[in-house]
Each structure stands twice: as structure tokens, then as C-alpha cells.
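**Q** Show me the folded form of this:
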Amino acid sequence: MCNLYRMTKNKDEVAAWFDAVNELGGANFGEEVFPGYPGAVVAEGKLTQMSWGFPLVMKGKNGQPLKPKPVNNARTDKLDSFFWRYSFEERRCLIPVTAWAEAEGPKGGKTRSWLSRPDAELFAVAGVWRNSDEWGDCYSMVMTDASGLAAEVHSRMPVLVDKADWGTWTSGSPEDARALCRPWEGELALDRSTVPWSGKGQVGLL
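**A** From the prediction side, this is the model:
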């Protein structure tokens, strides 16, 4: 499950890479993106800013509304649920990523392990998006079973979309898009760091 990723390329590079219209304007992003924070997304042919995570509205013990929780990962086997269905069918996007992190190690001493594609400095992760009353436009990654080196650190990983399949994911039928929700068959690189894991922000998987 991905709760932290890097996007270290500049806006113009990303727009050119995805052949998208750059609508980020003066938006300024950190190189590391956490749930609930803004990130760059390619949707409807445009590179734009959205918040990472769909808001999940919850209530306290006494029925009082609580601060929404960002659900930043969508399981492939849950895409037909009410929470994800209409976004998957009608609003799929590509998330530009240079690497994503998983937490490894003992409780209280977890560190960041970074995964990337050695054949691509920048790659696309499958995403879905929608508009929300709480945070405006927001997006979530789509997760599948982990494969290769990714399986050494977690049971799930983001759906990586090959360049040849970008159009199918964003504009194809739901059936064709669903066929892309599979473990990555290409090579991966794993960099186990000594940087402590940060639980910055709330996270969620549905």
C-alpha cells in the first residue's frame, strides 16, 4: 500500500512526458507527496493539481462529525463498490511518479524503502478522481497485488500503467481499464533507506 511517493520532475517536463496541457500555473509541490497533500495529476488531457485522497466522512461516538479521512488507495477488487464505482467508470487519471515508498522494519523503527522503474525516470500510476465538497478535486491510487521486488516489502503495490496503455486507462471502457489492474511484469528497483518512516497525515485503503 502506498502512503508516500516522490515526484521530482518539474511541471514542464511532466506535461511534455504525458503530452498534456500544463494547467498547474504557479502551483508549488514538495518532492514527496503524503495523503491529504496536493499532487500533480493528468486528467482529461491536462496536468492539474488535486488533493491525494478521497474524503471519508466519519462520526464520533456521540454522532458528532469528525475531520474527514483521506482514502488514498483503492483496491482493484473494490472498484465496483459505491465509494469508487462512478470514479472508476467515468473519471480515471494518471499519477506521475518517480518512486513510491513502503515502510519496513519493526514497530516504532520502520524505515522508508523506495521502489521505482529502472527503465523510466518518470512513470504513470493508475488513479481515479472526483470532485468533493471538502477538498475540491481529489484523486486516489489504484492498488493491486505486489509482484517482483515490491512483494518483498508489501502484499500490494500501485497499478503501474505502461505508456502504450495510457489511453486505454484514461479513455477506454471500464472493462478494458480493469484488465490493466494487474501486477507489474517489468523490472523494479528497490532502495532500502535508513530514513525513518513518517506517518505524516492520515491514510486509508478501501
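
**Q** Figure out the helix or strand that Asp12 lives in.
**A** helix 11-17 (DSSP states H and E).

**Q** Following the chain past that helix, name the next helix or strand.
**A** strand 21-22.

**Q** counting contacts, what elements does that next one pack onto?
**A** helix 11-17, strand 46-52 (3 or more C-beta pairs under 8 Å, 6 or more residues apart in numbering; DSSP states H and E). C-beta: built from backbone N, CA, C; applies to glycine.

**Q** For beta bridges, what are the partners of the most centrally placed residue in the chain?
**A** Compute the mean C-alpha point of the chain, and by C-alpha atoms, centre = their mean the closest residue is Met141, 3.1 Å away. Note on Met141: beta-bridge partners by DSSP bridges are Asn73, Gly127.

**Q** Pretty sure His154 sits against Ala146.
**A** Yes - counting by C-beta atoms under 8 Å, His154 touches Ala146, with 5.5 Å between them.

**Q** Settle it for me: which of those two has more neighbours?
**A** Each of His154 and Ala146 has its neighbours counted (other C-beta atoms under 10 Å); Ala146 has more, 21 against 16.

**Q** any idea what Phe83 is structurally, helix, strand or coil?
**A** Secondary structure for Phe83, judged by DSSP: H, G, I helix; E, B strand; the rest coil, is coil.

**Q** do the same with the one 5 residues further on
**A** Remark: Phe88 carries the secondary structure label helix [criterion: three-state DSSP].
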